[in-house]
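**Student:** Fold the following, please.
(chains A and B)
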Amino acid sequence: IAGITQAPTSQILAAGRRMTLRCTQDMRHNAMYWYRQDLGLGLRLIHYSNTAGTTGKGEVPDGYSVSRANTDDFPLTLASAVPSQTSVYFCASSDGREADTQYFGPGTRLTVL
Amino acid sequence: GQNIDQPTEMTATEGAIVQINCTYQTSGFNGLFWYQQHAGEAPTFLSYNVLDGLEEKGRFSSFLSRSKGYSYLLLKELQMKDSASYLCAVREGDYKLSFGAGTTVTVRA
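**Tutor:** Residues are numbered from 1 along each chain as shown, chains lettered A, B, ... in the order given. Here you go, the predicted model:
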């Protein structure tokens, strides 16, 4: 069982380009999340999905979109990348139990030039 | 919304004890989490508190006081591998977590 996988591991992207970060989980978790992590700011929620077919906006959604066509996949798309989107992106899913603990993927390091 | 404060950095000696404090302000508290994150890696779950009191897990313990908006993570018998960032996160509502900026702990020999 892999848990949560993310792809790519890292990417350098020219400003203005479109980019999709992939996230797949095999734990059958209903809820999934996308965070960005920047030095000194901690993890900030971009978008989330409580269950397949539904999505919601987090703290910093501008410039990003998500879809949740099935339980396992939750891709994050940057329609037109800007340098301020340079960050480490983490995908997470939660188990829906009492604690509803979130489990994180290995992250994607994105640099926008 | 959330306002979560924790110290930026702490340094301690191998074998010692370190306490990382976290204070928060929230309108709908529904649980507090601590995560460990080694440099260049993903956060990993350490502990969860939803009721007041102390939760102990081996060398790590976490305490919560809901009335004070306060939690701490206690790391005992420090080892070099405990050098990492420790993230305090508060859940408000059903799903979403808000994270503090993290506390970087450096363990010295």
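**Student:** who in chain A is up against chain B?
**Tutor:** A:31, A:33, A:35, A:40-45, A:48, A:50, A:58-59, A:90, A:94, A:99-107 (C-beta under 8 Å from any C-beta of the partner chain). Yep, even glycine has a C-beta here, placed from its N, CA and C like the rest.
**Student:** Against chain B, how distant is residue A:97?
**Tutor:** 10 Å (C-beta to the nearest C-beta, to the nearest Å).
**Student:** what does the model give that residue for pLDDT?
**Tutor:** Among the per-residue scores, residue A:97 shows a pLDDT of 72.
**Student:** Now do the SS call for it.
**Tutor:** Put simply, residue A:97 is coil when judged by DSSP: H, G, I helix; E, B strand; the rest coil.
**Student:** Same question for residue A:15.
**Tutor:** Secondary structure for residue A:15, judged by three-state DSSP, is coil.
**Student:** OK, contacts around it?
**Tutor:** A:81, A:82, A:83, A:112, A:113 (C-beta atoms under 8 Å, 6 or more residues apart in numbering or on different chains).
**Student:** who touches the fourth one in this structure?
**Tutor:** Contacts for residue A:112 (C-beta under 8 Å, 6+ apart) come out as A:13, A:14, A:15, A:81, A:82, A:83, A:84, A:85, A:86.
**Student:** Secondary structure element for the fourth one, which one?
**Tutor:** Using DSSP states H and E, no element contains residue A:81; it sits outside every helix and strand.
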